[in-house]
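Engineer: The following comprises the amino acid sequence and a computationally predicted model.
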Amino acid sequence: MSRRKSTFRVIITGFFSLIITGTILLSMPFATVSGTRAPFLDALFTSTSAACVTGLIVYDTAAYWSLFGQLVILILIQIGGLGIITVTTYCLIISGQKIGLFQRIAMQDQISAPKVGGIIRFTKFFIETTFVIEAVGALLLFPSFLKYHETGRALFYSVFHSVSAFCNAGFDVAGTEGRFASLSAYAGDAGINLVIIALIVVGGLGFLTWYDLVHVRFRIKAASVQTKMILAGTCILIAVPFLYFFFFEFRSVPLNDRFIVALFQTVTPRTAGFSTVDYGTVSDSGLLITTVLMLIGGAPGSTAGGMKVTTIFILAISSYSFLVRKDNVNCFKRRVKSDNIRNAVCLFTMYLLLLFTGSVIMSCVEGLPALSTLFECASALGTVGLTTGITPQLSSISKVILILFMFLGRVGGVTIAYAIVSPIKHDLSRLPSENIALG
């Protein structure tokens with residue numbers, strides 16, 4: 001077995017172990033407000049959703065889970081957002097233990113780092129910056145939550161939502177304002193909305209991006225092509241959907257609130273999962289656009305899931321190069337490698353196949369419209385957590401499908417494929433080629 005194949009298996013085993021541990025803890029009687037044990041499948045669903053930073057829930061987090069249960073969910077979100085290998089490596093670093101080559105390669109694979117060199121320095125940057133950003137986020141949220149709640153609850157709300165937003169998890173403890181309400185009670189509060197939006201975007205850009213920007217002192221021209229792709233793609237994926245939501249979807253919202261509502265619903269599918277509106281009332285066009293945003297997700301090496309911005313960006317520029325009859329795919333004065341294009345096509349095909357297969361099965365099993373199940377499956381695959389409200393009523397079969405999708409969306413299709421498939425075998429012989437009509 002190759003060393004790299006082993007590292008991918010370690011990543012999968014780490015996330016699986018985290019989910020099982022969370023399931024056991026959430027199955028305890030004192031994890032619920034009522035003092036009764038949560039059904040195993042529901043505890044497994046919640047643990048998977050938290051560890052895979054998704055946010056899909058079968059029980060309202062604030063109303064069903066006790067303080068212990070909520071703290072377990074918060075810890076699962078934090079470890080799941082950072083990555084089990086990242087957290088383990090950091091613990092070894094601060095304890096003074098030597099980090100071997102195998103751990104370095106595993107760390108590289110988990111965060112999609114371009115090289116092993118400097119991985120320990122990057123890990124410190126990753127963890128320590130995370131805690132600083134989450135602390136700043138909590139401090140900024142605290143005054144806003146203090147307007148609505150007493151000091152203790154406002155502090156807990158601030159910390160919980162800061163961690164959940166930065167890790168792109170979408171879990172909330174605002175259910176006391178309304179069952180499965182998410183942040184709808186604060187839809188008009190610019191302070192809460194803008195901080196949550198900022199945390200989602202910062203977490204979704206990924207630490208590879210921030211590390212690169214810090215390294216070049218935020219001179220974007222000197223940044224790597226990947227960083228430029230992520231920044232350009234993120235701007236496009238915020239600006240274009242925002243215009244739709246502002247001018248067409250939320251026309252009934254008062255103008256003074258519409259900007260913040262439209263912006264929040266544009267950013268949250270990438271892949272946070274908070275909401276300030278009821279997605280059961282959103283039009284089919286709005287749901288379809290949100291589904292696409294959820295499936296795309298955030299950046300490589302970030303807390304976000306999905307196919308990743310770079311995948312879609314490479315597919316877009318590859319299609320453009322084909323249409324204008326260019327031999328090479330160029331971007332920001334660099335040529336894109338053919339391996340990157342093949343990987344992008346493979347990931348895109350795999351995600352679409354899983355999405356449509358899962359949604360069709362769920363539609364047949366539940367007797368629900370295909371768009372509703374498509375939305376739910378995209379939310380799980382992209383580790384988003386948005387829902388039209390059908391999650392609590394789903395059968396065991398559908399819950400298992402979503403559990404598998406959440407796990408795959410967080411661990412990554414490439415990781416699972418590399419953990420199963422043998423390394424590339426280079427075949428020196430080449431068969432005769434033949435042209436095939438494509439259109």
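Structural biologist: Alright, I've got the coordinates. Keep in mind the model is a prediction, meaning the values are calculated, not measured.
Engineer: And the pLDDT for the closest residue to residue 143 other than its chain neighbours?
Structural biologist: Once flanking residues are discounted, residue 143 sits nearest to residue 191: 7.1 Å by C-beta to C-beta, 6 or more residues apart in numbering. Any C-beta I mention is one placed from the backbone N, CA and C, and that applies to glycine too. As predicted, residue 191 sits at a pLDDT of 90.
Engineer: gap between residue 191 and residue 201?
Structural biologist: Noted for residue 191: a distance of 16 Å to residue 201, by C-beta to C-beta, to the nearest Å.
Engineer: For the two, indicate the residue with more neighbours.
Structural biologist: Counted by other C-beta atoms under 10 Å, residue 191 and residue 201 do not tie: residue 201 has more neighbours, with 19 against 14.
Engineer: Without its sequence neighbours, what residue ends up closest to the more buried one?
Structural biologist: Once flanking residues are discounted, residue 201 sits nearest to residue 267: 6.3 Å by C-beta to C-beta, 6+ apart.
Engineer: likewise residue 251?
Structural biologist: Residue 251 sits nearest to residue 258 (C-beta to C-beta, 6+ apart), 7.8 Å away.
Engineer: And residue 137, by the same measure?
Structural biologist: The shortest distance from residue 137 to any non-neighbouring residue, by C-beta to C-beta, 6+ apart, is to residue 162 (3.6 Å).
Engineer: Counting neighbours, what do you get for that neighbour?
Structural biologist: 23.
Engineer: does it belong to a helix or a strand, and which?
Structural biologist: Assigned by DSSP states H and E, residue 162 belongs to helix 151-166.
Engineer: Kindly report the same for residue 406.
Structural biologist: Residue-wise, residue 406 maps onto helix 396-411 under DSSP H and E.
Engineer: which other helices and strands contact that helix?
Structural biologist: Judged by 3 or more C-beta pairs under 8 Å, 6 or more residues apart in numbering; DSSP states H and E, the packing partners of helix 396-411 are helix 3-26, helix 40-51, helix 338-366, helix 370-381.
Engineer: now do 6 Å
Structural biologist: Contacts defined by 3 or more C-beta pairs under 6 Å, 6 or more residues apart in numbering; DSSP states H and E place helix 396-411 against helix 40-51, helix 338-366, helix 370-381.
Engineer: Just the CA coordinates for that helix, please, in CSV.
Structural biologist: Output in CSV follows, covering the C-alpha atoms of helix 396-411 (Å, rounded to 0.1, in the frame of the first residue of the first chain):
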residue,chain,number,x,y,z
SER,A,396,-34.5,6.4,7.7
ILE,A,397,-33.5,5.6,4.1
SER,A,398,-33.3,9.3,3.2
LYS,A,399,-31.5,10.2,6.4
VAL,A,400,-28.9,7.5,5.6
ILE,A,401,-28.4,9.0,2.1
LEU,A,402,-27.9,12.5,3.6
ILE,A,403,-25.5,11.1,6.2
LEU,A,404,-23.4,9.6,3.5
PHE,A,405,-23.6,12.8,1.4
MET,A,406,-22.5,14.9,4.3
PHE,A,407,-19.5,12.6,5.0
LEU,A,408,-18.5,12.6,1.4
GLY,A,409,-18.9,16.3,1.1
ARG,A,410,-16.7,17.1,4.0
VAL,A,411,-14.0,14.4,3.5
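Engineer: now that helix and helix 370-381, what's the angle there?
Structural biologist: Here helix 396-411 runs at an angle of 40 degrees relative to helix 370-381 (axes from the mean of the first three to the mean of the last three C-alpha atoms, to 10 degrees).
Engineer: any idea of the mean pLDDT for helix 396-411?
Structural biologist: Helix 396-411 comes out at a mean pLDDT of 90.
Engineer: by how many degrees do it and helix 3-26 diverge?
Structural biologist: Using the same axes, to 10 degrees: helix 396-411 against helix 3-26 is 130 degrees.
Engineer: Need the contact partners of helix 396-411.
Structural biologist: Helix 396-411 has contacts (C-beta atoms under 6 Å, 6 or more residues apart in numbering) with 12, 15, 41, 45, 48-49, 52, 54, 305, 358, 362, 365-366, 380-383.
Engineer: same check, this time on stretch 42-61
Structural biologist: For stretch 42-61, contacts defined as C-beta under 6 Å, 6+ apart pick out 18-19, 22-23, 26-27, 73, 76-77, 80-81, 167-171, 173, 175, 179-180, 273, 303, 383, 385, 391-392, 399, 403, 406-407, 410.
Engineer: out of those, which are buried?
Structural biologist: 18-19, 22-23, 26-27, 73, 76-77, 80-81, 167-171, 173, 175, 180, 273, 303, 383, 385, 391, 399, 403, 406-407, 410 (16 or more other C-beta atoms under 10 Å).
Engineer: separation between residue 122 and residue 210?
Structural biologist: Using C-beta to C-beta, residue 122 is found at 10 Å from residue 210.
Engineer: I misspoke; the intended subject was residue 367.
Structural biologist: 45 Å.
Engineer: of these two, who's got more company?
Structural biologist: Set residue 367 next to residue 210 and count neighbours by other C-beta under 10 Å: residue 210 wins out with 20 against 7.
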